[in-house]
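Peer 1: Here is the input, now give the coordinates:
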Amino acid sequence: MKFVIHPAVDEHRFAAIIAAAGEMQVVNAQDNIEALSAIADADAFFGKMTPELLAAAKHLRWIQSPTASLEHYLFPALVEHPLTLTNMRGLFSDVIADHVMGYVLCFARNLHTYVRYQLERRYEPVGGEAARSNFTHGAGVMTAIDLAHPHLGDQTMGIVGFGGIGAEIGKRAAAFGMKVIAVDPVNPAAWPMDKLPELLAASDYVTIAAPHTPKTAHLFEAAQLARMKPSAYLINIGRGAIVDLSALVKALRDKRIAGAGLDVYEKEPLPANHALWEFPNVILTPHIAGSSPRIAERHLNVVVENLRRFVAAEPLMNIADKREWF
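Peer 2: Below is the predicted model:
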C-alpha cells in the first residue's frame, strides 16, 4: 500500500506518519510533479487534493483533508468519487467554545464598553450617570445599571449547529446557569432545523456553530435577524457565508438586535471601510477563535490515528458526507 502526502510535511510530522504507516510506503511529495507520479498507484492521500491529482489516481480509497471545513476543498469529481473523505473536525471545539463565552461575558458585563471608558479615564457605569445617582444600595431597587448588566442565569443561549463545537458551547453556557436550546439537521439532542424561528425568538444569544454547506449559505438574512429579540446578540464562529453582512449592518443600525460578536466574515480580511467597524456594540476578531497551541498536536494525532486505522482496516474517524460538505 502507498500513502502520498502533498504539500510535503516537516520532518517531525513525517517521522510520526512513518511510524504509524508500518510497512506502508509513504511519499512526502516535494512538488506537484512528484505528487502526480506517486499518486497513480496510491491507496491514500493527505493534503490538498486537486482535480488533476484525482484524475491521475487509479486506486485511491481514502483522503485525509488537512482542514475541518470542506467548502473550499470539494469539487464535483471528488464528490462523485467512491473514496472515503475524512476531515479535521473536533480539533477546535473547546477552544472555539471558550471564545464564544468570551463574547458572551463581554456583552453581559459590558466589558467591551468599559475598555473604551478606561481609555477615556471615564468612571461611569453603563446605564448612565443619572441611573447611578438614583441607585439605592441594598434596597433592592432596580435601575438602568442593573438592566444593563443582565444576570446570565436568566438568559438563554440558542445554538445553530449542535455538532462538536455547538455541544461544547452548550456545556459552557450551562455552567453559567444559562438555558441552552439548539437546532441541528442531524443531532437528535437538538431541535430540528424547522424550529429555528422558535429558537431565534427565545434566545438572548444566538450562536452560529454550523458549517458552510449548500443549505446554510446566507441562512441568516434580514428575515431571520428580524425574528431575534431586540435585546439579543448574534455570535458567528461558524462560517462567514452563513450571515449576510449587509442585512446584519441594517439590523444593527435599526436597533433590531443589541449587537454582534463575529470571528468570520463573507469576505476576509474584513475590508477596512466596512460599516461593521463603526459599531461600539460589535466585537470583531480576525478568524482566530480556533487558535491554540494545542491544535498542531491534535491535527497530527488525527492524521496518525486515521493512518493507523487505515492500515489495520479499522473504521476511520471523521468520515465526511461529501454531498453535505461536512
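Peer 1: Compute the distance between Ala174 and Leu152, please.
Peer 2: Distance of Ala174 to Leu152, given as C-beta to C-beta, to the nearest Å: 11 Å. Bear in mind the C-beta positions are built from the backbone N, C-alpha and C, glycine included.
Peer 1: So these two - more neighbours on which side?
Peer 2: The neighbour count for Ala174 versus Leu152, taken as other C-beta atoms under 10 Å, is higher for Leu152 (18 against 12).
Peer 1: Please give me every residue in contact with the residue lying closest to that one once chain neighbours are set aside.
Peer 2: Using C-beta to C-beta, 6 or more residues apart in numbering and skipping residues adjacent in sequence, the residue nearest Leu152 is Phe176, 4.7 Å away. Shown in contact with Phe176 (C-beta atoms under 8 Å, 6 or more residues apart in numbering): 101, 104, 152-153.
Peer 1: Repeat the analysis, applying 10 Å as the threshold.
Peer 2: Neighbouring residues of Phe176 by C-beta atoms under 10 Å, 6 or more residues apart in numbering: 101, 104-105, 108, 151-153, 155, 157.
Peer 1: Arg89 too?
Peer 2: Arg89 touches 65, 67-70, 163-165, 211, 302, 317-318, 320, 326, counting by C-beta under 10 Å, 6+ apart.
Peer 1: Could you check the pLDDT of it?
Peer 2: Looking at Arg89, its pLDDT reads 96.
Peer 1: Then Val141?
Peer 2: If you check Val141, the pLDDT there is 75.
Peer 1: Now the residue nearest the centre of the chain: which helix or strand?
Peer 2: The centroid of the chain falls nearest to Gly238 when counting by C-alpha atoms, centre = their mean (3.4 Å). Using DSSP states H and E, Gly238 maps to neither a helix nor a strand.
Peer 1: Can you tell me the closest non-neighbouring residue to it?
Peer 2: Distances taken as C-beta to C-beta, 6+ apart put Ile208 closest to Gly238, at 4.2 Å, once the chain neighbours are dropped.
Peer 1: so how many other residues sit close to the one you found?
Peer 2: If you count neighbours by other C-beta under 10 Å, Ile208 ends up with 24.
Peer 1: So what does it look like in phi/psi?
Peer 2: Main-chain dihedrals, Ile208, degrees, to the nearest 10: phi -90, psi 110.
Peer 1: List the contacts of it.
Peer 2: Contacts of Ile208 (C-beta under 10 Å, 6+ apart): 100, 158-161, 166, 216, 219-220, 234-240, 242-243, 262, 264.
Peer 1: right, and Leu300 touches Arg294 too?
Peer 2: No - at 11.2 Å, Leu300 does not count as touching Arg294 under the criterion of C-beta atoms under 10 Å.
Peer 1: And the two? Which one has more around it.
Peer 2: Leu300 (16 against 12).
Peer 1: Buried residues of the helix or strand harbouring that one, list them for me.
Peer 2: When elements are assigned from DSSP H and E, Leu300 belongs to helix 295-311. Within helix 295-311, the residues scored as buried using 16 or more other C-beta atoms under 10 Å are 299-300, 302-304, 306-307, 309-311.
Peer 1: From the contact counts, what lies against it?
Peer 2: Helices and strands touching helix 295-311, by 3 or more C-beta pairs under 10 Å, 6 or more residues apart in numbering; DSSP states H and E, are strand 2-6, helix 11-21, strand 44-47, strand 62-64, strand 84-86.
Peer 1: then the third one to CSV, C-alphas only?
Peer 2: It stands for strand 44-47. The C-alpha trace of strand 44-47 is given here as CSV (Å, rounded to 0.1, in the frame of the first residue of the first chain):
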residue,chain,number,x,y,z
ALA,A,44,-4.4,7.0,0.4
PHE,A,45,-3.6,10.7,0.3
PHE,A,46,-3.1,13.5,2.8
GLY,A,47,-3.0,17.2,1.8
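Peer 1: Quickly run through the sheet partners of that strand, with directions.
Peer 2: Applying DSSP bridges to the sheet, strand 44-47 is found paired with strand 2-6 (parallel), strand 62-64 (parallel).
Peer 1: For that strand, what is the distance to the chain centroid?
Peer 2: Averaging C-alpha positions (C-alpha atoms, centre = their mean, to the nearest Å) puts strand 44-47 24 Å from its chain's average.
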